[in-house]
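# Structure for the following, please:
(one chain, ligands or ions: 1)
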Amino acid sequence: MSYDTQPKASHFIDGAYVEDTSGTPIPVIYPATGKQIATVYAATPAIVDQALAAAHRAQKAWGAMTGTERGRILRRAADMMRERNHDLSVLETFDTGKPYQETIAVDATSGADALEYFGGLAGSLTGEHIQLGEDWVYTRREPLGVCVGIGAWNYPTQIACWKGAPALACGNAMVFKPSEMTPLCALKVAEILHEAGLPAGIYNVIQGFGEVGASLVTDPRVAKVSLTGSVPTGKKVYSAAAAQMKHVTMELGGKSPLLIFDDADLENAVGGAILGNFYSSGQVCSNGTRVFVQKGIKEAFLKRLSERLSTAVIGDPMDEATNFGPMVSEKQMKIVLDYIEKGENEGARRVTGGKRLERDGFYLQPTVFADVTDDMTIAREEIFGPVMAVLDFTTEDEAITRANATEFGLSAGVFTRDLSRAHRVIAALEAGSCFINSYNDAPVEAPFGGTKMSGVGRENSKAAINHYSELKSVYVRMGDVEAPF
Ligand code: NAD
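You can find the predicted model right below:
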């Protein structure tokens, strides 16, 4: 397939592509072949400054526009993303290696959903009026100013939009730094927003490794940082932001539990476990990677799971029939292979998979371990790859206690036909984004985010508005001021 993967330039600043080849080169590798498909250059301090200065300069006028005017631009961009879904999906597949069958369905489309949703909300953002006798208080919902978005590599288009759309709807400007692993897609988001009429400087994209992200976080012009990434990075970014009392949203990692009770619909439970472990080759933060299966259904579950996994179509991600692609990078593949080895060494039973595929690119087999116990490394640490750990349980209380025995708290799911149990169990699980008889749905209308070490704040839904704006409270006195002296 011939497709131009080299972007026009590395950065998008102040409404235009900007190049500066004096930065560290960042090779862009297509995970399905291991071949380099583009080069971008990390932002130098001068580029970082240019982007922040442009955002800072442009934000006031953007924030002063009516929400309806801002929303119209976001909604136009959403339509353009949908019209260009094919090209954006091909690019997403080059950037991440995820199968086109997935990217055509979820990436640019969920980005467009965010632009449409927050574009729609922009015109109805208000403060409130609080009557106090003849005096009153009114509140103004004001933008924060310049917001920084820092992305992970698993959903580069979606993350660029999930952060950009609410930020812009609220009247902020954004400087977005994609992951160095997947630098291509966010540039297209910036390009489309500007074609849709976004004023220059409101949405900027600069490339770079962690140090570029760190320099954005500490810049005094920045009011807020939203990070999608790992817990160790989250700790660094959160504490750097705290030093200047900046607002933060932290979308971090997880090791989420999925509880499958004896009375569950077996096919649906297997389907949920597959979606929650093998979609995007397991590179999803909210994955339910600790699958607790009640003893009565365990063997039937493992049998159907193995049967269905054997029908996975692993291959060229651009082939529309492929539904399981490579890992994003050689490094990530090696991390996952190490975990697989630990699973074997610590005594888990490998039911299926476990090997690298003998072909170009970074392909692993979908892997399932059974008889996993709570103390094993593969039950405690986030693997971020296609490795499912199946643990047995007997009682509901036991499953809840064990499910909560983790520092993470991103997601949780339960499969059961007993509705009261479903709600009772979900209420007891310590997680931000939960599922009953389903897994990993993430509609823009629903709040998304984690508890405990999995994060702070929420993306999507009306809740995101609170994380991209603040309230000014104004007391208005109608009578005389009574002072003590
Ligand atoms: P990562 O933490 O290595 O990097 C994330 C981003 O942070 C990258 O853009 C990186 O360049 C930047 N960065 C690194 N060090 C930094 C620093 N000191 N200051 C500022 N920025 C810095 O994560 P990753 O490997 O790209 O992504 C995988 C992780 O992301 C997993 O843990 C996964 O669970 C998590 N994730 C979470 C969500 C969510 O919504 N909760 C979604 C996707 C991925």
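# is it true that I26 lies in a strand?
Yes. Under DSSP: H, G, I helix; E, B strand; the rest coil, I26 sits within a strand.
# Who does it form a beta bridge with?
Residues in a beta bridge with I26, per DSSP bridges, are V40.
# Can you pull out the residues in contact with stretch 26-40?
5-7, 10, 25, 41-42, 94-97, 180, 182-184, 207-209, 316-318, 325-330, 360-362 (C-beta atoms under 8 Å, 6 or more residues apart in numbering). All C-beta atoms are positioned from the backbone trio N, CA, C, and that covers glycine.
# does the ligand sit close to that stretch?
No. Judged by C-beta under 6 Å from any ligand atom, stretch 26-40 stays clear of the ligand, getting no closer than 10.2 Å.
# ditto for stretch 378-396
Yes. Judged by C-beta under 6 Å from any ligand atom, stretch 378-396 and the ligand are in contact via 382, 384.
# from the chain's centre, how far out does the longest helix seen in the chain sit?
Determined from DSSP state H, the single longest helix within the chain is helix 100-122. The chain centroid and the centroid of helix 100-122 are separated by 13 Å under C-alpha atoms, centre = their mean, to the nearest Å.
# Output the contacting helices and strands for that helix.
helix 67-83, helix 85-96, helix 156-169 (3 or more C-beta pairs under 8 Å, 6 or more residues apart in numbering; DSSP states H and E).
# tell me which strands and helices the shortest one is in contact with?
Under the contact criterion of 3+ C-beta pairs under 8 Å, 6+ apart, helix 85-96 touches strand 25-30, helix 100-122, helix 156-169, helix 185-195.
# Quickly note the distance from G111 to R76.
Separation of G111 from R76 (C-beta to C-beta, to the nearest Å) stands at 14 Å.
# ok and the helix or strand that K60 is a member of relative to helix 67-83, angle-wise?
Assigned by DSSP states H and E, K60 belongs to helix 45-64. Interaxial angle, helix 45-64 versus helix 67-83 (axes from the mean of the first three to the mean of the last three C-alpha atoms, to 10 degrees): 120 degrees.
# does helix 45-64 come close to the ligand?
No. On the criterion C-beta under 6 Å from any ligand atom, helix 45-64 is out of touch with the ligand, staying 11.9 Å away.
# how about the residues of the stretch 351-485 of the chain near the ligand?
Close to the ligand, as judged by C-beta under 6 Å from any ligand atom, the stretch 351-485 of the chain has residues 382, 384, 410, 450, 455.
# can you tell me which of those residues lies nearest to D87?
Distance to D87 across those (C-beta to C-beta) is lowest for F384, with 27.7 Å.
# check contacts around the closest residue to the closest one other than its chain neighbours.
Of all residues not flanking F384 in the chain, Q283 sits nearest, at 5.6 Å (C-beta to C-beta, 6 or more residues apart in numbering). By C-beta under 8 Å, 6+ apart, the residues touching Q283 are 96, 153-154, 327-328, 332, 384-385.
# where does the chain have low pLDDT?
1-2 (pLDDT under 70).
# For the stretch 151-300 of the chain, which segments count as strands?
173-177, 203-205, 222-228, 247-251, 257-260, 290-294 (DSSP state E, counting those that start in this stretch).
# deepest of those, which one?
Ranked by mean neighbour count, the strands of the stretch 151-300 of the chain are led by strand 203-205 with a mean of 31 (mean count of other C-beta atoms under 10 Å).
# just how off-centre is it within its chain?
18 Å.
# which outside residues touch that strand?
11-14, 51, 54-55, 160, 164, 168, 173-178, 186-187, 189-190, 193-194.
# Tell me which residue of the stretch 51-200 of the chain lies closest to the ligand.
Of all residues in the stretch 51-200 of the chain, the one sitting closest to the ligand is A152 (3.3 Å; C-beta to the nearest ligand atom).
# so that residue makes contact with G234?
No. Between A152 and G234 there is no contact under C-beta atoms under 8 Å: 10.7 Å.
# All the helices of the stretch 351-485 of the chain, in order from the start?
Remark: helices assigned in the stretch 351-485 of the chain by DSSP state H, counting those that start in this stretch are 377-380, 396-404, 419-428, 463-467.
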